[in-house]
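Peer 1: sequence first, predicted model second:
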Amino acid sequence: MRRALLGGAIAAVVASAAVPLLLIAKQAMTPERESFAWPPAWLPHEPTLENFRHVLAGAELFGGLVRSVGVAAATVISTLALTLPAAWLGARAPAVGRRLDAVLVLTRVLPSIAIAVPLAVLFVRAGLYNDPSALGLWLAHTLLGLPLAFFVLRAAFAAVPVELEQAARLDGASALGAFVRVSMPLARPALATASLLVFLLSWDEFAFALLLQVTNRTLPPLLYYLSAFGFPGLSSALAAIMVLPALVIVILLEPAFRSGLLAGSGR
Amino acid sequence: MVGTRRAASAALRDPRAAGAVAVALTLCTAALAGCQRDDSALTLALAILPGELPAYREVVAQFERGTGERVVVVPQQYADIRRALAAEAAAGRGTIDLAELDVYSLAPSAHDVRTLDAADVGDLPEVLDRAALDAGTIDGLRFLPHRLTWQALVYDHAVLGRAPATWDDLVAVARAHPGRIGVKGALYEGLTCDVLPFVWAAGGSGERLDDDGALAAFRLFAELAPFLDPYSATFKESTIAEAMARGEIVLHLNWPFAMSLYASQGLAPDPIRSAPLPAGPSGRATVLGGGYLGIPRNARHPERSRALLRFLLSRDAQAGLAERLGWFSARRDAPLAGGALLAGYGAMRADVRPRPRLVDYPRLSRAWQQAFRAVVFGGADPERTLRDAQRELDGRAGA
Amino acid sequence: MTERRAQAPDAVAGAAPGGLRARLAAAPLVLYLAAFLAYPALVAVRLAFTDATGGAFPSLASFRVLVSDELFWRAVAGNLVVPAATVALEVVAGLALALALAWRFPGRRLVRAAVVVPFALPEIVFLTVARSLLGTRGYANGALAAAGLPAVDFLAPGTALSYATVVAVDAWRTTPVVFLILLGALAAIPEEIGEAARLDGARGFRRLAFVTLPLLGPALAAAVLLRGLDALRIFATPMVLTGAEGVPVLSTYAYHQWSDYGDDGAAAAAAMALALIAVVASIPLLRRREAA
C-alpha cells in the first residue's frame, strides 16, 4: 500500500516537472509551419534552431532580453541597498522589526493591479511610463522585492550573535564598522540567497511589466503577446531562454530550500 | 533559527565569488542604461505582426539607403502605441519619432501629435483619398493614412468549398458545422467591428440600436448563436486567428493581418482564403480601419520624421507595401494590392464604411458590445435588448 | 540567565547607539514604501472616486459602472470561489506529497527537487505551456483523440469545467510551496514521537490523524494563511488561460477596464474592491504575526 502510494506520488511529481520542460523544448525546436499540425506531435519531425535565431535577430526581442536582465540586476542592487540597514535594525530591535513587518506585509496583501494602475498614471505624469531603460519598472520591482529581502536578511542578522558586534565596538569600531566587518560577512550566504530570490522575482514578474511597459518591453509580456498571436515556436524559444536563469537560480538555492529558510516567505 | 545557522556556516561563499557577482550586477545595470534609444536612429512605432516585420523593413531600407538615416521599427498594438504617445506628450519628451494609430484612436490622440502644414505634406493631399484625409484632419491636418484596412470573411476553403454569399448561406453553413463559427465576442472594440457590418448590411445606420437594420442583424445573431464556437465569448483578433490556424473554427471575420499570418504559417492560400462578407437585405458592408501616421508632439527630430512620413506615403513605398504585404493604400494612384491572398478584401473595397463619427462613440460602441453578448451568450430577446439599450443610451446622454 | 537579560537592552543600546541614529537605518526603506506604496494607494483611491468622463471629484460614477456590469459581479464571485478552491487543493496535494515523500527512498533528493519545478518556472512560461496543453486542439486533447476518446473543452468560457481547470492549473503551480513548508515541519517532528506512537499501537491512518496532523497544525495554518492571501490576488492564470471574460476575477476585470476601455477610474475602483477583500482576509494573518 505504502509502495503504491509512494510510486504514484513519484510518478505524478516527475510527470508534472518533465511535461512542461519537454513541451517547451519541443515547441522551441519546431518550425512554425509544423506547429499547427493535428494531432499535435510530442516530438518535432524536423527539429530546427530557426526560432532561436529569430529571437536573437529581432530588435525588440533582443532588447527585451537586455531589459529583463538589466532590470533584474538593478532591482537586486536597489533592494539590498534599502533592506540591509533596515533588516539589521529589525533584527537588533525586535519592536521596530515587527512594525516594519506589518507594513511590508501590505505589499503582499495589496493586489498588483491596485498598485500598478496608479503607478502607471503617476509614471505618465513623471515621464517614466514606458521608459526605454524600464526605469519605472525597476522602481516597481524594487517595491516587490523589499519584503522578500527583508525577511531573509533579518533572519540572517538575528542569527549573528550580538556579542560579536559588541566585541568589535569594544575594540574601537563604530557601529557601521561593526556592521560591515562583523555582521555582513557572516550573513553573506543570506545576502546571496536574497540576491538570487530578488533577481528571480524581477525576472519572472508579469503583471507590472504588462502595465508599465508597452513599446519597451521585458520578456514576460513579450512572451504573452507572442503566444497569444499564435507563434508557438517563437514564444517557446523565448520561454526556453527565460527558463534557464530560473532553473539555475533554483538549483543554487536548493540548500536554502532544504533548511526551510523560505518557509515563511513563499514567493 | 538553528537551521539558518547551519545553512549560514555550511554554505559560506568564497569572497571572490561575491566580488564577481557584484561586478556582474553592475555590468548588467550598465547594459540597461545603454538601452536608452540611441539618438541617431528614427523610431517608428507600428502595429504590425512580428511576421510582417522583415518585409516592412525591406521597404524602409530604401529610405535608409537614400538618406543615410537609420530607422528602428517597433511592432506594437494600437492601444499600447496610444498610451505611449499620451505618456510622452504629458512628459514633454519622448522616444517615438513617428507613430501609427488606428482610425478609432485618432480623435483622442489628436493633441498628442503635431499639425502638418502644407510644406510638410507637399502634393499628398491631391493624391490621397478624400475621406481618408478627412479622417486624419482633427483641428488641422494631423494624421496621414499609412494604410487602409477593413475586415473580410476568412474561411477554410477545404472544408466549406465556397464562402457563404448571403445571410441564408451563412446560417446554412453554421448549421452544417456547429461550434465551428467564430465571432470576436470579447468585450472590446473588435466586437463592434464584427457587429456593425451586419447592421449596415441590413440598412441600419449604426448610430441607433433600435432601428430596423439593427433588429434584423440581431435576429441573425440570435439564429447563429447556438452554432458559434463557445470560445467566441473571449475571442479577440489574435486568439480567433490562432483558433482558425488550429482548425477549431472554419469561418470568421478578420483584418488583412490574419492572411499574412496564415501565409507565414503555410496555411494560406490553402486551405485558408478570404472572401467578401455575406450580403444582407441591403447589400454588403464592412468597417473601415487602418493605420494613420502622426508625428508626436515631442518628437526629437521633427524634420527627419517628416522626411520619413513623406517617404512612407510616396507612390514607390506604398506600391512596395502593397506588393510585399498586401496593404491597401489611400493613394489613388497606387496599384491595388491583391493576389489571391487578399481577393476577398479587394472585392469589398467599395463596401467600406467608417464607424459613426460621434463624440460619444465609445459609449455607443460599448452598448453594441453588451447588446450582442446579451443576445448571443445570454439568450436574451433581440428586440427587447436593443430597445432597452437604446433607452439607456438616451437616458445617459441627457444626464 | 540574568546576565543575558541584562545584556539585552545593552545590546540594542550598544549595537545601535542613540535611538534616533538607529531609526535612520530603516528610514530609506520606510521612505521608499511611503513614496511607492502609500502614495500610489492614495492615488488609486482618488482615481476610483473620480468620474472618468468628466473629471469630477468626488464622484461615484466609476462604482456605478462596476455595479451595473454583469462581468464585475461574475468577477467578484470568481475571486471568492477560485482562491478558496485553489488553496484547498494545494493544501491537500501538498500534504499528500509531503507525507508520501518524507520517507527515505533512493533518489528522494532528486524527486523533491522535481516537485519544485512547476513553481520554479517563470509563471508566464508555465501558463503558456498549460494553455498549449489544454486548448481545444492542444496536447491533452491530442492524446485523448489518439486513445479514441472524445475531446474535452477544458477552457470553454462560462463552464464549470473552465473554473475547475483554472483552479487545477494554479494549484499545480503553487503546491510546491505548501509541500516545502510541510516537509520542513514534518522533518522537525522528532523521531521519538513517531516511535512512541507506534509502540502505543497507533499505525497508518490513526497515526496520521491523531499524531502527525495535530503536530503539523501550526505549519498547516501558516501555509493556508500565506497561500490564501496570495491566491486572492490571482491574475496571470485566468488572464493567460481564458482571458478576462472566461474565468473572471477582480484583477483581470480591473485590467480589462484599463486596457480595453481606458477607464482608469473603473480599474481603480475594481482594484479597491479587491484590496478591501484582501485586507479583510489578512486580519487573521496580522494577528498571528503580532502573537508570534
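Peer 2: Cool, the structure landed.
Peer 1: going forward, measure contacts between C-alpha atoms and count neighbours the same way
Peer 2: OK.
Peer 1: please tell me how far B:Ile240 sits from chain C.
Peer 2: 12 Å (C-alpha to the nearest C-alpha, to the nearest Å).
Peer 1: tell me the confidence at C:Leu95?
Peer 2: On pLDDT, C:Leu95 comes in at 90.
Peer 1: contacting residues for it?
Peer 2: By C-alpha atoms under 8 Å, 6 or more residues apart in numbering or on different chains, C:Leu95 lies in contact with C:178-179, C:182.
Peer 1: now the closest residue in space to B:Ala86 that isn't next to it in sequence: phi and psi?
Peer 2: Leaving aside its sequence neighbours, B:Ala86 sits nearest to B:Asp112 (C-alpha to C-alpha, 6 or more residues apart in numbering or on different chains; 6.1 Å). Dihedral angles of B:Asp112 (phi, psi; degrees, to the nearest 10) stand at phi -90, psi 0.
Peer 1: and B:Asp112, how many residues sit next to it?
Peer 2: 21 (other C-alpha atoms under 10 Å in any protein chain shown).
Peer 1: any idea how far it is from chain C?
Peer 2: Counting by C-alpha to the nearest C-alpha, the gap from B:Asp112 to chain C is 16 Å.
Peer 1: surely that residue is in contact with B:Phe143?
Peer 2: No. The pair B:Asp112 / B:Phe143 is not scored as a contact, 11.1 Å apart, by C-alpha atoms under 8 Å.
Peer 1: is A:Ala173 in a helix, a strand, or coil?
Peer 2: Using DSSP: H, G, I helix; E, B strand; the rest coil, the structure places A:Ala173 in coil.
Peer 1: tell me the pLDDT of it.
Peer 2: pLDDT at A:Ala173 comes out at 78.
Peer 1: same question for A:Met184.
Peer 2: A:Met184 carries a pLDDT score of 85 in this model.
Peer 1: quick check: phi and psi on A:Leu170?
Peer 2: The phi/psi pair for A:Leu170 (degrees, to the nearest 10) reads phi -60, psi -30.
Peer 1: count the residues that sit near it.
Peer 2: Around A:Leu170 there are 12 residues (other C-alpha under 10 Å).
Peer 1: show me what the longest helix seen in chain A is packed up against.
Peer 2: Determined from DSSP state H, the single longest helix within chain A is helix A:59-92. Secondary-structure packing of helix A:59-92 (3 or more C-alpha pairs under 8 Å, 6 or more residues apart in numbering or on different chains; DSSP states H and E): helix A:50-57, helix A:94-109, helix A:135-159, helix A:188-204, helix A:219-228, helix B:15-33, helix C:2-15, helix C:19-33.
Peer 1: redo these as CSV? Include distance to B:Tyr188 and mean pLDDT.
Peer 2: What follows is the helices and strands packed on helix A:59-92, written out as CSV (distance: least, C-alpha to C-alpha, whole Å; pLDDT from 0 to 100):
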stretch, distance to B:Tyr188, mean pLDDT
helix A:50-57, 30, 83
helix A:94-109, 30, 85
helix A:135-159, 27, 92
helix A:188-204, 28, 91
helix A:219-228, 16, 88
helix B:15-33, 35, 67
helix C:2-15, 59, 42
helix C:19-33, 36, 82
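Peer 1: possible to save those as JSON lines with distance to B:Ala176 and mean neighbour count?
Peer 2: Listed next are the helices and strands packed on helix A:59-92 as JSON lines, based on distance: least, C-alpha to C-alpha, whole Å; neighbours: other C-alpha atoms under 10 Å in any protein chain shown:
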{"stretch": "helix A:50-57", "distance to B:Ala176": "38", "mean neighbour count": "17"}
{"stretch": "helix A:94-109", "distance to B:Ala176": "51", "mean neighbour count": "17"}
{"stretch": "helix A:135-159", "distance to B:Ala176": "51", "mean neighbour count": "24"}
{"stretch": "helix A:188-204", "distance to B:Ala176": "45", "mean neighbour count": "24"}
{"stretch": "helix A:219-228", "distance to B:Ala176": "29", "mean neighbour count": "23"}
{"stretch": "helix B:15-33", "distance to B:Ala176": "56", "mean neighbour count": "15"}
{"stretch": "helix C:2-15", "distance to B:Ala176": "81", "mean neighbour count": "14"}
{"stretch": "helix C:19-33", "distance to B:Ala176": "60", "mean neighbour count": "16"}
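Peer 1: which one, of those, ends up nearest to C:Val166?
Peer 2: With respect to C:Val166, and counting by C-alpha to C-alpha, the nearest of the helices and strands packed on helix A:59-92 is helix A:219-228 at 17.1 Å.
Peer 1: other residues contacting that closest one?
Peer 2: Residues outside helix A:219-228 that contact it (C-alpha under 8 Å, 6+ apart): A:61, A:64-65, A:67-68, A:204-206, A:209-210, A:232, A:234-235, A:238-239, A:242, B:238-239, B:242, C:124-125, C:128, C:240.
Peer 1: repeat that for stretch B:61-69.
Peer 2: Outside stretch B:61-69, the residues that reach it (C-alpha under 8 Å, 6+ apart) are B:40-42, B:70-71, B:308, B:311.
Peer 1: okay, now residue 74: neighbour count?
Peer 2: Picking chain A for this. 25.
Peer 1: that's the other chain; I wanted chain C
Peer 2: 16.
Peer 1: contacts only, for the closest residue to it other than its chain neighbours.
Peer 2: With C-alpha to C-alpha, 6+ apart as the criterion, C:Arg74 has its nearest non-adjacent residue at 6.3 Å, and that residue is C:Pro248. C:Pro248 sits next to C:71, C:74-75, C:78-79, C:238 when contact means C-alpha under 8 Å, 6+ apart.
Peer 1: what secondary structure does C:Pro248 sit in?
Peer 2: coil.
Peer 1: got the end-to-end distance for stretch A:128-136?
Peer 2: Stretch A:128-136 has an end-to-end distance of 5 Å (criterion: C-alpha to C-alpha, to the nearest Å).
Peer 1: for chain A, what's the nearest residue on the stretch 251-399 of chain B?
Peer 2: Nearest residue of the stretch 251-399 of chain B to chain A: B:Gln265, at 4.8 Å (C-alpha to the nearest C-alpha).
Peer 1: if I look at B:Phe221, what pLDDT would I see?
Peer 2: Looking at B:Phe221, the pLDDT reads 97.
Peer 1: then C:Met1?
Peer 2: 42.
Peer 1: interface residues of the stretch 1-150 of chain C facing chain B?
Peer 2: C:136-137 (C-alpha under 8 Å from any C-alpha of the partner chain).
Peer 1: can you show me the strands along the stretch 1-150 of chain C?
Peer 2: Ranges of strands in the stretch 1-150 of chain C, per DSSP state E, counting those that start in this stretch: none exist.
Peer 1: same deal with the stretch 101-250 of chain B?
Peer 2: Taking DSSP E, counting those that start in this stretch as the test, the strands found in the stretch 101-250 of chain B are B:144-150, B:152-156.
Peer 1: check contacts around the nearest residue to B:Leu251 once chain neighbours are set aside.
Peer 2: Distances taken as C-alpha to C-alpha, 6+ apart place B:Tyr155 nearest to B:Leu251, at 4.3 Å, with adjacent residues excluded. By C-alpha under 8 Å, 6+ apart, the residues touching B:Tyr155 are B:163, B:250-252, B:272-275.
Peer 1: packing partners for the strand or helix carrying B:Glu88?
Peer 2: Using DSSP states H and E, B:Glu88 falls within helix B:78-91. Under the contact criterion of 3+ C-alpha pairs under 8 Å, 6+ apart, helix B:78-91 touches helix A:112-126, strand B:41-46, strand B:98-102, helix B:106-109.
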